[in-house]
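K.L.:
sequence unavailable; structure follows:
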């Protein structure tokens, strides 16, 4: 096996021991965190003056800016700051100088290797498990929402059946409920007429019932002359027919009768389903500047 192939062989190193391995093999210095703090300060100063490039905005906002982000920013600045390049191939733009200095400090003594190893350890031990727990909770919430959706669909179908059954009992279609119920009121005179015609056939029944009551109950109160009416409402209808309530209460005919006219309702508009608003929307009220300062804080070296 040649020396070149031996150099290309992978080395199996535990992620928790990667940073210690780099320090033991003297690829990085043991006090790399102090240099990394200097890099953080220069990055925080550099991001205060950035060009209006969409990709750069996405890189510097809402994330921890590391070595690879800085390299990408330099590549983008080579395009946006190309007009500041002199005949010697150097840039006169202060933006480019600031970011080139950051990259230079990163590459000096392999600081970027130590930071990358530290971030890898943080992601493996904390970030990835936290994301997995979050995914599990989201899946459980999704399953619960699916179950509730099925329950609500079943309840909606049951309510619809009950509604249709109630409409059939009332004799309406249920499309325009108010109008259909008002129309049912207009049928009341015909219903009263049918009841009156059928009640006229109950003369002999009421006479028999009255005689039965007088024979059974009246004999116990033979010492009193007071007689109580039997089936007063039915007896009144048989004697006088369908009259006004005023005559039924007072026994006198009213001087005038004012008929109640049902006002026709305007054509009802079709009821559309209400739009359900999502009240559990999470509003991100974090200030962008605070986000940038937060994500660029150097993580502590364990």
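P.N.:
On my side now, so go ahead. Only a predicted model underlies this, so the values are computations on that prediction, with no experimental measurement involved. Numbering: from 1, shown residues only.

K.L.:
from here on, just use CA atoms for contacts and neighbour counts.
P.N.:
OK.

K.L.:
excluding its backbone neighbours, what's nearest residue 241?
P.N.:
residue 196 (6.9 Å; C-alpha to C-alpha, 6 or more residues apart in numbering).

K.L.:
hang on, that neighbour in a helix?
P.N.:
Yes - membership of residue 196 in a helix is supported by DSSP: H, G, I helix; E, B strand; the rest coil.

K.L.:
do you know how far it is from residue 238?
P.N.:
8 Å (C-alpha to C-alpha, to the nearest Å).

K.L.:
what's the local residue count around the residue nearest to residue 241?
P.N.:
Using other C-alpha atoms under 10 Å, the number of residues around residue 196 comes to 16.

K.L.:
over to residue 47: give its phi and psi.
P.N.:
Torsion angles at residue 47 (phi, psi; degrees, to the nearest 10) stand at phi -80, psi -10.

K.L.:
make sure it is actually in contact with residue 60.
P.N.:
Yes - with contact defined as C-alpha atoms under 8 Å, residue 47 reaches residue 60; the gap is 7.1 Å.

K.L.:
neighbour-wise, which of these two wins?
P.N.:
residue 60 (23 against 18).

K.L.:
looking at that one now. What's its pLDDT?
P.N.:
In this model, residue 60 is scored at 80, pLDDT.

K.L.:
again with residue 136
P.N.:
96.

K.L.:
so it, which of the three states?
P.N.:
Quick answer, by three-state DSSP: residue 136 is helix.

K.L.:
number of residues surrounding it?
P.N.:
12.

K.L.:
so, low pLDDT: which residues of the stretch 1-150 of the chain?
P.N.:
1-7, 87-88 (pLDDT under 70).

K.L.:
residue ranges for the helices of it, please.
P.N.:
Listed in chain order, the helices of the stretch 1-150 of the chain (DSSP state H, counting those that start in this stretch) span 3-7, 18-24, 32-46, 54-60, 67-80, 94-107, 111-122, 128-170.

K.L.:
give me whichever of the ones you listed is most buried.
P.N.:
Ranked by mean neighbour count, the helices of the stretch 1-150 of the chain are led by helix 111-122 with a mean of 20 (mean count of other C-alpha atoms under 10 Å).

K.L.:
got the angle for it vs helix 32-46?
P.N.:
Interaxial angle, helix 111-122 versus helix 32-46 (axes from the mean of the first three to the mean of the last three C-alpha atoms, to 10 degrees): 100 degrees.

K.L.:
how far does helix 111-122 sit from the chain's center?
P.N.:
Relative to the centre of its chain, helix 111-122 is centred 40 Å away, using C-alpha atoms, centre = their mean, to the nearest Å.

K.L.:
now do the contacts for the residue lying closest to residue 85 once chain neighbours are set aside.
P.N.:
Counting by C-alpha to C-alpha, 6+ apart, residue 85 lies nearest to residue 91, which is 4.4 Å off, once chain neighbours are set aside. By C-alpha atoms under 8 Å, 6 or more residues apart in numbering, the residues touching residue 91 are 81, 82, 84, 85, 97.
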